[in-house]
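> Provide a 3D model corresponding to the input given below.
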Amino acid sequence: MPGVIETTMSGSDSERINGLLCGTITWLTSAGAECSGTISLIQGTIERVLFVPDSGDSQPDNEHTITLKDGDGLDVFGGAGVGLSDTTVSTVLMTGETPMLPVATTGLLTLEVLNAGAAHAGTVKVFFRR
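Numbers count the residues shown, from 1 in each chain. As a prediction, this is how the structure comes out:
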């Protein structure tokens, strides 16, 4: 499942003071409409996730799927990245809403993007506390 996954960390000074960090994961699918990569920077309690599709020629196909799996193969997004829109930003608050609860992560995580179309892209922003 080739493709490109890149992760950067960001957050304003006030966000960092309050312990909130943002891991920004950009992805670009291969000719096979998929990509996968390991993430090591997101460790802590995930509170919010944004799924942001690209636009124009790199806009992903509608109903694509994004998962972030832990070492046991469990999706820490709890299925919230299934059936994503090709045009609309999706947000998930993981702070006690049914069926989501804050999810604690440690170790390597694996981001997988499926059914997004060939050479299409997007961004996942993961807000978490250490």
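
> Please enumerate the helices of the protein.
Ranges of helices in the chain, per DSSP state H, are 13-17.

> measure the spatially most central residue of it to Ala80 for me?
Central residue of the chain (Cα atoms, centre = their mean): Val124, 3.7 Å from the mean position. Look at Val124 and Ala80: by Cβ to Cβ, to the nearest Å, they are 11 Å apart. In this view, the C-beta of every residue, glycine as well, is placed from N, C-alpha and C.

> Where in this protein is the helix or strand with the lowest mean pLDDT?
In the chain, no helix or strand scores lower on mean pLDDT, DSSP states H and E than helix 13-17, which sits at a mean of 59.

> on that earlier part again, overlap of the contact sets of Val124 and Ala80?
Residues touching both Val124 and Ala80 by Cβ atoms under 8 Å, 6 or more residues apart in numbering: Val49.

> what comes up buried for stretch 53-63?
By neighbour count on 16 or more other Cβ atoms under 10 Å, the buried set for stretch 53-63 is 53-54, 59-60.

> Under the pLDDT cut-off, which ranges of this protein? List them.
Low-confidence segments of the chain (pLDDT under 70): 1-2, 11-17, 95-101.

> Could you rerun that using 80?
The model of the chain has pLDDT under 80 over residues 1-5, 7-19, 94-102.

> Could you export the buried residues of stretch 53-63 as TSV, including distance to Thr8?
Shown next, in TSV, are the buried residues of stretch 53-63 (distance: Cβ to Cβ, whole Å):
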residue	distance to Thr8
Pro53	18
Asp54	16
Gln59	22
Pro60	20
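
> Now the two most distant members of those residues.
The most widely separated members of the buried residues of stretch 53-63, counting by Cβ to Cβ, are Asp54 and Pro60 (6.8 Å).
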